[in-house]
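In: Got a sequence here, can you build the structure:
(chains A and B)
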Amino acid sequence: MSIEQSVQLNFLSRADGSAYYCLGNTSVVASVTGPTSGRVSARHHNKCNLEVQFCPCNGQPTIEERDVECIIGECIEEILASHLHPRATILLNIQELQSEHEHQLLTASLNGAVMALMDAGVQMQGLLAAVTCCYTHAGVVIVEPTALELQESKSSLVFVLESDTANVVACYQQGRLSVAEYTAVLNRAIEAAKEVFQFYRSEMLKRYSSHGCIDGQNEADYDYDPL
Amino acid sequence: MAPLNSWEVIEPANYFKSFVDQSSRPDGRDWNTARPISVRVGSIGTAEGSATVRLGNTTIVCGVKAELCRPSLEHPTRGFVVPNVELYPCCSSTFKAGPPGEKAISTSQFLQRLLQNNEIIDYEQLCVVPNKWAWCLYCDILCLDYDGNLIDSSLLSLVAALLHLSLPTVNIDPDTEALSLSQKHTQKLTIKERPMSTTFAVYNSDIQLLDPSAADEAECGGEVSVVLMESGDVCSIRKTGGRQVSSGKVQGFISTAQSRLSGIHETLKEALELHASANRKEP
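Out: Numbers count the residues shown, from 1 in each chain, chains lettered A, B, ... in the order given. Predicted structure coming up:
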């Protein structure tokens, strides 16, 4: 696996679902409460209301954190089966513990949020995987780069992809690329997303499997190719 | 049968779908037709740089005010450019008075990141005295009439205002270190390459509508914006959640954006030339 990730699920006692997700040197805690009753003003008659709160590790949330909340909220709303919980609210709280750089923070927050939602048992229509890529001056695509690799690259990109169809739910880029270079990065991101979905799969199997431990023996029974 | 405008209010999703099924939209355009763009620079006399952009009914005014400030410790030879998008209640009933909402914040952040990280503005040029004085350009992008496509119109107005910008020359008395600004504003900002954006509203993973109006945006879920440099390089492709788009579609977005590039650049050039010739006539 080229992406190092690890997660600890259901470790918060007061939340319906929680995930302590680490991606490289970035770690976040995502917690989900809901569906529950929320503010009367925020109720929709036909769907669930999603409230995202993102807390940085240093200082008060600023306008940049609000932008991250908007992006995470719009991505998650796309996969939530919100029509099943009208007039209810789902509270999603993401706490940054440490981050390598802001792109990996967004990626880790989204992946952590998806795992926390799975842990809470909220119905979803698909899963999301967020991947950071950078394109170096030498023409190499690096997935989940470190801060130093990012600084020395030509361009950095974040993609959020959906599980069944590899559709792009969100994308973001800094630094310019030619069309061919962009397509190369997108294709690499789609491959990397498969690793993230496989990780979700294996973590969920570990959590709910009655056999206890998955070590390759049981995994052979499950032939999963998400894309 | 109920008249057409009642149907629009009672069942907006079905009303919109009836147009989309015929490859059209409520305002009569097909999926790939953009609205006419008009640009005018120099609309605000008191600002150092200004521009007004109209995309159909969407009207955006950008005013750039320059202030002298101390450069930051990390970048002692760079100035600042601070874009800020405001959606006033007058532009649409969906925006209320008070602190900026999600749309304004998200657009401001997008413009800030675009300017910071790509080779568009030469920040070293904004520095007057390293470690002591630098120009800070406050770019206020105000929406007066919102009919969709905030990203394209605000980026175009920002670029036009920065191209129109002229700063006074700063004279520093070597003995007293007092600053004095020249009366005439002659120093222009170098824009290395002009970014142009093209926005599509996502109706579903197969249908995306170019240059959405407010009615289109209400029925679609999310937008995709492709920002290209003059050379055709991809500066940014931005999609912040919302309905999914298949990854193969990205090429199509880039080609449509490339085909619109020359037209938009022409419009911008004409506006700048018009302003320059009007100024030459006055003594």
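
In: Could I get the phi/psi values of residue 52?
Out: In the absence of a named chain, this looks at chain A. As for A:V52, its main-chain torsions (degrees, to the nearest 10) stand at phi -110, psi 130.

In: right idea, wrong chain: chain B
Out: phi -120, psi 130.

In: May I have the secondary structure class of whichever residue of chain A sits closest to chain B?
Out: Across chain A, the shortest distance to chain B (Cβ to the nearest Cβ) belongs to A:E74, at 2.6 Å. Heads up, the C-betas are built off the backbone N, CA and C, glycines and all. Classification of A:E74 by DSSP: H, G, I helix; E, B strand; the rest coil places it in helix.

In: That one and B:R243 touch, don't they?
Out: No: if you go by Cβ atoms under 8 Å, A:E74 and B:R243 don't touch, sitting 9.7 Å apart.

In: Need the residues touching each of those two.
Out: B:G222 (Cβ atoms under 8 Å, 6 or more residues apart in numbering or on different chains).

In: Pull out the buried positions in stretch A:138-150.
Out: Residues of stretch A:138-150 classed as buried by neighbour count (16 or more other Cβ atoms under 10 Å in any protein chain shown): A:141-145, A:149-150.

In: sorry, that was for stretch B:61-77
Out: B:61-66, B:71.

In: Same question for stretch A:23-42.
Out: A:23-24, A:26-35, A:38.

In: Distance-wise, check B:I141 relative to A:S27.
Out: 37 Å (Cβ to Cβ, to the nearest Å).

In: same check, this time on A:E74
Out: 24 Å.

In: Next, count neighbours for B:K184.
Out: B:K184 is flanked by 9 other residues according to other Cβ atoms under 10 Å in any protein chain shown.

In: So B:S23 versus chain A, what's the distance?
Out: 22 Å (Cβ to the nearest Cβ, to the nearest Å).

In: still on that earlier bit, for the buried residues of stretch A:23-42, which one is nearest B:V129?
Out: Using Cβ to Cβ, A:T26 is the member of these that lies nearest B:V129, at 39.0 Å.

In: in the sheet, who's paired with the closest one?
Out: A:L23 (DSSP bridges).

In: My read is that it contacts A:N111, right?
Out: No: A:T26 is beyond contact range of A:N111, at 10.0 Å (criterion: Cβ under 8 Å).

In: Identify the residue of chain B closest to chain A, quick one.
Out: Counting by Cβ to the nearest Cβ, chain B gets nearest chain A through B:G241, at 2.6 Å.

In: what ranges do the strands span in chain A?
Out: Assigned by DSSP state E, chain A shows strands spanning A:5-9, A:17-23, A:26-36, A:49-55, A:89-98, A:128-136, A:141-143, A:153-162, A:168-174.

In: can you tell which of these is closest to B:N14?
Out: So among the strands of chain A, strand A:49-55 is nearest, using Cβ to Cβ, at 23.9 Å.

In: on contacts alone, who are the packing partners of that closest one?
Out: Under the contact definition 3 or more Cβ pairs under 8 Å, 6 or more residues apart in numbering or on different chains; DSSP states H and E, strand A:49-55 sits against helix A:63-79, strand A:89-98.

In: and the direction of the first one versus that of strand A:168-174, what angle?
Out: Meaning helix A:63-79. Calculated by axes from the mean of the first three to the mean of the last three Cα atoms, to 10 degrees, helix A:63-79 forms an angle of 160 degrees with strand A:168-174.

In: tell me which residues of helix A:63-79 are tucked away?
Out: A:65-79.

In: Pull the contacting residues for the closest residue to the residue of chain B closest to chain A other than its chain neighbours.
Out: Leaving aside its sequence neighbours, B:G241 sits nearest to A:E74 (Cβ to Cβ, 6 or more residues apart in numbering or on different chains; 2.6 Å). Residues in contact with A:E74 (Cβ under 8 Å, 6+ apart) are A:170, B:222, B:240-242.

In: among these, who's most crowded?
Out: Counting by other Cβ under 10 Å, top hit in the contacts of A:E74: A:A170 with 26 neighbours.

In: pLDDT wise, what is the closest residue to that one other than its chain neighbours at?
Out: Closest residue in space to A:A170, ignoring its immediate chain neighbours: A:V160 at 4.0 Å, by Cβ to Cβ, 6+ apart. Here, the pLDDT recorded for A:V160 equals 94.

In: Which strand residues bridge A:V160?
Out: Going by DSSP bridges, A:V160 forms beta bridges with A:A130, A:A170.

In: From the contact counts, what lies against the longest helix along chain A?
Out: In chain A, assigned by DSSP state H, the helix with the most residues is helix A:179-208. With contacts defined as 3+ Cβ pairs under 8 Å, 6+ apart, the packing partners of helix A:179-208 are strand A:5-9, helix A:102-120, strand A:128-136, strand A:141-143, strand A:153-162, strand B:234-239, helix B:249-281.

In: can you redo the ones you listed as CSV with distance to B:L114?
Out: Shown next, in CSV, are the helices and strands packed on helix A:179-208 (distance: least, Cβ to Cβ, whole Å):
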stretch, distance to B:L114
strand A:5-9, 30
helix A:102-120, 15
strand A:128-136, 17
strand A:141-143, 22
strand A:153-162, 13
strand B:234-239, 6
helix B:249-281, 15
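
In: Quick check: which of these is nearest to B:V20?
Out: Checked against Cβ to Cβ, the stretch from the helices and strands packed on helix A:179-208 lying closest is helix B:249-281, at 16.4 Å.

In: Out of the buried residues of stretch B:61-77, which sit inside strands?
Out: Going by DSSP E, the strands hold B:61-66 from those.

In: could I get those as JSON lines with distance to chain A and pLDDT?
Out: Output for these, formatted as JSON lines (distance: Cβ to the nearest Cβ, whole Å; pLDDT from 0 to 100):
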{"residue": "B:V61", "distance to chain A": "22", "pLDDT": "96"}
{"residue": "B:C62", "distance to chain A": "19", "pLDDT": "96"}
{"residue": "B:G63", "distance to chain A": "20", "pLDDT": "96"}
{"residue": "B:V64", "distance to chain A": "20", "pLDDT": "95"}
{"residue": "B:K65", "distance to chain A": "20", "pLDDT": "95"}
{"residue": "B:A66", "distance to chain A": "22", "pLDDT": "93"}
